[in-house]
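> sharing a model prediction with you, sequence too.
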Amino acid sequence: MSNAQKVTMENGVLNVPNNPVIPFIIGDGTGPDIWNASVRVIDAAVEKAYNGEKKIEWKEVLAGEKAFNETGEWLPQETLDTIEEYLIAIKGPLTTPIGGGFRSLNVALRQELDLFACLRPVRWFEGVPSPVKRPEDCDMVIFRENTEDIYAGIEYEEGTDEVKKIVEFLQNEMGVKNIRFPETSGIGIKPISEDGTKRLVRSAIQFALDNNRKNVTIVHKGNIMKFTEGAFKKWGYEVAEQEFGDKVFTWNQYDEIKDKEGVDAANKAQADAEAAGKMIVKDSIADIFLQQILTRPREFDVVATMNLNGDYISDALAAQVGGIGIAPGANINYVTGHAIFEATHGTAPKYAGLDKVNPSSVILSAVMMLDHLGWTEAGEMITNSIEKTISSKVVTYDFARLMDGATEVKTSEFADELIKNL
Ligand SMILES: NC(=O)C1=CN([C@@H]2O[C@H](COP(=O)(O)OP(=O)(O)OC[C@H]3O[C@@H](n4cnc5c(N)ncnc54)[C@H](OP(=O)(O)O)[C@@H]3O)[C@@H](O)[C@H]2O)C=CC1
Ligand SMILES: O=C(O)CCC(=O)C(=O)O
Ligand SMILES: [Mg+2]
């Protein structure tokens, strides 16, 4: 008889039984290849780390093509209810059609379950091929706001009655004169709120303090989008100063001191704060940020940003440490405890069913999940095995094409190798 039980959360603390039920979504495209390899590695690590005393009871829930084929719905309510009930889940990538069709199921899962923080750690593993000279200098954690921004899906298609109404409202009631081609524009709306910003930046700062990270950078395009991205910066600094004032020093405080007392006083205030062990909270405009993470990655650590910036930054930083094949992530609501772990990459449809792509992103997402559950020994075992396997140059196609003397293996064979090296 199965002893499987739910993971629960009480007073902000997760309660994890030895046989937790964890729902999983297999994913579209390369999802099944990756999942079938990953689950073997996760189970083997848990078995070995706890001598069989702990075991995950996997519960499949449907989304995407498999859900549509079996139920006629892309994201059945039962899937949302199950994840709501069992708290922690893991998923493969899901396809989103471009320019029409249904809206992103990945985004829908995040919004429906209010998983407001998309956490994407970016670090280099010894031996992984990278386009930069010193990939080891890149060690960052992205906190991407996951429920707002243009991802809220408030968009009106060119030529429709809806867009006509919006354009007329903007022109007639709001005095807008600069819609360049009003007859042929589609319109998207970008909501960014104080509540949404503050809960995200609060989580990022708390994470940075708990994990002894060097600094938090608020990344925005506030010079152009003043009341959305600019407000994100303002509210971000407010959280930092009002809620973490004894633990952080902000560049906003630096600027205020500089304006009143001059640059020397501001430099001294920052130096004193750092000497007192305070963490720096700074900000960067998104375009220059994308240059500086390449040229001076050591200056950045935890990154707090909005949904679209976070999406771009995730893939750009992944490239720096070896690519999207080794880029894990988690979508978390720190208040309710709900979390869905998933890779940064998508379904890579051209490789679907070929048993070819790198499963490391999903496997490392599972490591994040094991750490989140407090099963750090199993997570560490997997991380060590990935390092050992890559160092021995046994890798999937994405790394093999960039490495001299590599042995290219299939997704399933890479998993075999990881299990052998646990
Ligand atoms: N969270 C999610 O579920 C996400 C879903 N998507 C969806 O996925 C679909 C495809 O999106 P697309 O823009 O092509 O992006 P993808 O991330 O799916 O793939 C782009 C490229 O990245 C490389 N890649 C992706 N996954 C792996 C892997 N596991 N191992 C090695 N290389 C990998 C491949 O590069 P190469 O060609 O160089 O070999 C691939 O062609 C879209 O429908 C999109 O909406 C996208 C992102 C996230
Ligand atoms: O939902 C999608 O199709 C894309 C999502 C995405 O790019 C991401 O989560 O980084
Ligand atoms: Mg993306």
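Right, received. Where do you want to start? Just so we're clear, the structure is a prediction, and the values are computed from it rather than from any experiment. Numbers count the residues shown, from 1 in each chain. Ligands and ions are numbered 1, 2, ... in the order given.
> can we go C-alpha only for contacts and neighbour counts from here?
OK.
> show me the contacts for A4.
By C-alpha atoms under 8 Å, 6 or more residues apart in numbering, the contact set of A4 is P17, N18, N19, P20, V21, E57.
> what does the last one show for phi and psi?
Dihedral pair for E57: phi -100, psi 100, per degrees, to the nearest 10.
> tell me the secondary structure for the closest residue to it other than its chain neighbours?
Nearest residue to E57 in three dimensions, chain neighbours excluded: V21, at 4.7 Å (C-alpha to C-alpha, 6 or more residues apart in numbering). Following DSSP: H, G, I helix; E, B strand; the rest coil, the label given to V21 is strand.
> and Q242, by the same measure?
helix.
> check the one 3 residues further on too.
Classification of G245 into helix, strand or coil gives coil, according to three-state DSSP.
> that one: neighbour count?
13 (other C-alpha atoms under 10 Å).
> pLDDT value on it, please?
For G245, the pLDDT comes out at 96.
> what do you get for G153?
Reported pLDDT at G153 in the predicted model: 87.
> residues in contact with it?
Listed by C-alpha under 8 Å, 6+ apart, the contact set of G153 reads R103, G188, I189.
> enumerate every residue touching T30.
P93, T347, A348, P349, Y351, A352, G353, L354, D355, V357.
> residues near A44, how many?
Using other C-alpha under 10 Å, A44 has 19 neighbouring residues.
> roughly how far does it sit from L418?
Look at A44 and L418: by C-alpha to C-alpha, to the nearest Å, they are 10 Å apart.
> now, of the contacts of G153, which are buried?
Buried members of the contacts of G153, counted by 16 or more other C-alpha atoms under 10 Å: G188.
> could I get the contacts of G153 as CSV with pLDDT and secondary structure?
Putting the contacts of G153 into CSV (pLDDT from 0 to 100; DSSP: H, G, I helix; E, B strand; the rest coil) gives the following:
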residue, pLDDT, secondary structure
R103, 87, coil
G188, 96, strand
I189, 96, strand
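> coming back round to it: who are the neighbours in contact with the residue nearest to E57?
A4, Q5, K6, V7, I56, E57, W58, K59, Y86.
> kindly report the same for W35.
W35 makes contact with I26, G92, P359, V362, according to C-alpha under 8 Å, 6+ apart.
> ok so, going back, nearest to ligand 2 among the contacts of G153?
R103 (8.1 Å; C-alpha to the nearest ligand atom).
> shouldn't the closest one be in contact with T96?
Yes: assessed by C-alpha atoms under 8 Å, R103 is found in contact with T96 at 6.7 Å.
> any common contacting residues for these two?
In contact with both R103 and T96: no residue, using C-alpha under 8 Å, 6+ apart.
> could I get the contacts of T30 as TSV with secondary structure?
Shown next, in TSV, are those (three-state DSSP):
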residue	secondary structure
P93	coil
T347	coil
A348	coil
P349	helix
Y351	helix
A352	coil
G353	coil
L354	coil
D355	coil
V357	coil
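> for ligand 1, tell me which of those residues show up nearby.
By C-alpha under 6 Å from any ligand atom, the members of these lying near ligand 1 are P93, T347, A348, V357.
> ok, now which ones touch the last one?
Remark: with contacts taken as C-alpha under 8 Å, 6+ apart, V357 is in contact with T30, I34, G325, Y351, T396, Y397, D398, K410, T411.
> ok, which stretches of the stretch 101-250 of the chain are strands?
Taking DSSP state E, counting those that start in this stretch to define them, one finds strands in the stretch 101-250 of the chain at 117-123, 139-145, 154-156, 187-189, 215-220, 248-250.
> pull the distance from stretch 338-345 to the chain's centre.
Computed by C-alpha atoms, centre = their mean, to the nearest Å, the chain-centroid distance of stretch 338-345 equals 7 Å.
> before we move on, the earlier item: tell me which two of the contacts of W35 sit farthest apart.
Distance extremes for these: the farthest pair is I26 and P359 at 12.7 Å, using C-alpha to C-alpha.
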